[in-house]
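J.: Quick one: sequence plus predicted model below, questions after.
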Amino acid sequence: MAAVDSNPPSNSEVVVSVRGLTKVFKDFWNRPKARAVDGVDFEVRKGEIFGLLGPNGSGKSTTIKLLLGLLNPTKGHMEVFGHSPRHVQTKARIGYLPEESYLYRYLNSRETLNFFGNLFHLSKEDRHNRTEQLLEMVGLGKTQNRAIGEFSKGMQRRIGLAQALINDPDLVILDEPTAGLDPIGCREVKDLIVALARRGKTVILSSHLLSDVEDVCDRVVIYYGGKIQAAGTLKELLVEPNTVRITTPVLPKETLAKVLETIRKDISTGEVRVDNPTQNLESYFLDVVAKAKQSAKETSGAQSGARVAEYLRGDQPAQPAKSADKVLEKLSLPQAPAIAPATTPAPAKPAINEVKLDALTQATPATPAVPPPSETKPEAKPVDLSKADEKLSSLLGGKK
Ligand SMILES: Nc1ncnc2c1ncn2[C@@H]1O[C@H](COP(=O)(O)OP(=O)(O)OP(=O)(O)O)[C@@H](O)[C@H]1O
Ligand SMILES: [Mg+2]
């Protein structure tokens with residue numbers, strides 16, 4: 001088992017603090033049924049992207065629900081922004097994307113965001129502006145008149161993400177944010193997460209997609225059986241200190257032979273390997289789509305979004321929301337009450353739109369050229385922060 005080191009690296013404000021957190025689900029007769037979370041400790045600081053990893057049933061979603069005050073802990077202590085998770089002003093500063101969407105299936109995207117904006121007591125103007133920006137950001141601007149019940153899984157995820165950001169939260173908690181998204185959507189969500197963190201928001205996410213976690217998270221904890229088995233920065237956890245990788249442009253055969261000969265003189269045992277680094281499938285896929293876009297192919301469904309809503313810049317105070325807890329309660333309902341279809345507007349016919357991938361191609365990083373020798377995975381494509389940030393800055397009128 002790897003050493004457990006859940007200490008965050010910086011001295012910035014502690015946003016979430018969890019000590020000895022335990023949740024035991026009990027049956028009708030109060031007998032223990034499942035020890036979902038078992039003596040968990042960690043801290044998350046402002047601006048961090050913190051990943052909860054672990055196999056099915058290991059306690060990730062239960063931890064998230066405890067942090068949101070939707071479940072009561074059996075034991076242990078938790079603070080979010082220095083208060084109990086049930087503190088109403090604390091809840092107003094949190095955005096939550098649940099594991100499953102529990103949105104009203106007969107409302108369209110615009111009505112849904114308006115509904116959640118209302119729960120947060122946003123003014124009509126704020127609701128309107130944020131709805132516009134969020135729908136554009138998640139690529140649902142052209143399908144906003146269709147009922148959410150008709151949406152594909154990935155489109156439901158996108159509207160769920162927009163809903164989680166309507167209150168301009170300081171802490172964003174995302175349970176499997178990329179589940180069901182196509183690779184373009186995944187990349188956009190990852191870029192969005194990085195952009196939010198760069199602007200001082202704190203993000204906690206759970207995911208099974210390890211490459212996604214690797215691309216965005218500063219620190220992770222790995223759960224098994226409700227306990228944290230390993231914790232730390234990805235570099236700490238993944239580095240292989242006993243090997244070195246040197247990457248160079250292609251060398252003439254003779255030079256390579258000489259280098260290998262020199263190396264072998266110094267190494268009595270152990271493998272010396274020479275190969276060509278490969279790019280990962282995601283970067284290859286995005287290149288193919290970018291080329292298709294250049295030849296002006298058309299598609300229906302979700303569009304490429306990724307324009308970070310202007311109001312999410314992080315230099316504006318979060319809107320106070322008296323009844324933020326109502327939002328969390330709504331999201332935690334096992335089944336949202338259906339609204340009679342007769343009382344809702346008929347869903348408009350979907351428009352077939354041309355895919356606009358400009359934002360995506362701008363944000364798509366180039367394949368890493370020469371990684372530092374200590375890197376163990378040159379094929380993993382990091383988020384290109386300079387380009388994403390450049391794009392954001394231009395969208396935000398040069399401000400950060
Ligand atoms: N409401 C509940 N009542 C009883 N047991 C529960 C409840 N919610 C979760 N559990 C149990 O707690 C354990 C942890 O579940 P949890 O949903 O936190 O896992 P997870 O890590 O999010 O899994 P997944 O990756 O499948 O989403 C499981 O054994 C699960 O059956
Ligand atoms: Mg879960």
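T.: Arrived safely, thanks for sending. Ligands and ions are numbered 1, 2, ... in the order given.
J.: Give me the pLDDT for residue 311.
T.: Note for residue 311: predicted pLDDT of 73.
J.: There's contact between it and residue 127 in this structure, I believe.
T.: No: using Cβ atoms under 8 Å, residue 311 is not in contact with residue 127; the gap is 11.3 Å. All C-beta spots, glycine's among them, are computed from the backbone N, C-alpha and C.
J.: Compare the two (neighbour count), which wins?
T.: More neighbours surround residue 127 than the other of residue 311 and residue 127, with 20 against 16 (other Cβ atoms under 10 Å).
J.: what helix or strand is that one on?
T.: Using DSSP states H and E, the element containing residue 127 is helix 124-137.
J.: Identify each buried residue in that helix, please.
T.: When burial is assessed from 16 or more other Cβ atoms under 10 Å, helix 124-137 yields the following buried residues: 126, 127, 129, 130, 131, 132, 133, 134, 135, 136, 137.
J.: What residues of the helix or strand following it count as buried?
T.: Proceeding C-terminally, helix 124-137 gives way to helix 153-165 as the next helix or strand, assigned by DSSP H and E. Buried residues in helix 153-165, counted by 16+ other Cβ under 10 Å: 154, 155, 156, 157, 158, 159, 160, 161, 162, 163, 164, 165.
J.: Ramachandran angles for the closest residue to the fifth one other than its chain neighbours?
T.: The one in question is residue 158. Spatially, and ignoring its direct neighbours in sequence, residue 158 is nearest to residue 138 (4.1 Å; Cβ to Cβ, 6 or more residues apart in numbering). With angles defined as degrees, to the nearest 10, residue 138 shows backbone torsions of phi -90, psi 10.
J.: go on, residue 145?
T.: Backbone phi and psi, for residue 145 under degrees, to the nearest 10, turn out to be phi -100, psi 0.
J.: re earlier: between the buried residues of helix 124-137, which sits nearest residue 107?
T.: For the buried residues of helix 124-137, the minimum distance to residue 107 (Cβ to Cβ) is 12.2 Å, reached by residue 131.
J.: pLDDT value on the closest one, please?
T.: At residue 131, the predicted lDDT confidence score is 95.
J.: show me where pLDDT drops low in the chain?
T.: Screening the chain residue by residue with the criterion pLDDT under 70, one finds the ranges 1-10, 296-307, 313-400.
J.: run the last query once more with 80
T.: For the chain, the stretches flagged by pLDDT under 80 are 1-11, 101, 268-271, 277-400.
J.: three-state assignment of the closest residue to ligand 2 within it?
T.: Ranked by Cβ to the ion, the top residue of the chain for proximity to ligand 2 is residue 61, at 3.1 Å. The assignment at residue 61 comes out as helix when based on DSSP: H, G, I helix; E, B strand; the rest coil.
J.: my guess is it meets residue 206, correct?
T.: Yes: contact between residue 61 and residue 206 holds when scored by Cβ under 8 Å: they sit 6.8 Å apart.
J.: what residues are shared contacts of the two?
T.: In the contact map built from Cβ atoms under 8 Å, 6 or more residues apart in numbering, the residues linked to both residue 61 and residue 206 are residue 175.
J.: the more surrounded of those two?
T.: Set side by side, residue 61 and residue 206 show more neighbours around residue 206, with 24 against 19, by other Cβ under 10 Å.
J.: separation between the more buried one and residue 275?
T.: To residue 275, residue 206 is 34 Å away according to Cβ to Cβ, to the nearest Å.
J.: cool, residue 99 as well?
T.: Using Cβ to Cβ, one obtains 39 Å as the distance from residue 99 to residue 275.
J.: out of these two, which sits in the more crowded spot?
T.: When residue 99 is set against residue 275 and neighbours are counted by other Cβ under 10 Å, the residue ahead is residue 99, at 15 against 6.
J.: wait, what's in contact with the more buried one?
T.: Contacts for residue 99 were tallied using Cβ under 8 Å, 6+ apart; they are 61, 175, 176, 179.
J.: Within reach of ligand 1, which of those are there?
T.: When Cβ under 6 Å from any ligand atom is taken as the criterion, the members of the contacts of residue 99 that contact ligand 1 are residue 61.
J.: Could you single out the nearest of the contacts of residue 99 to ligand 1?
T.: Nearest to ligand 1, judged by Cβ to the nearest ligand atom, of those is residue 61 at 3.2 Å.
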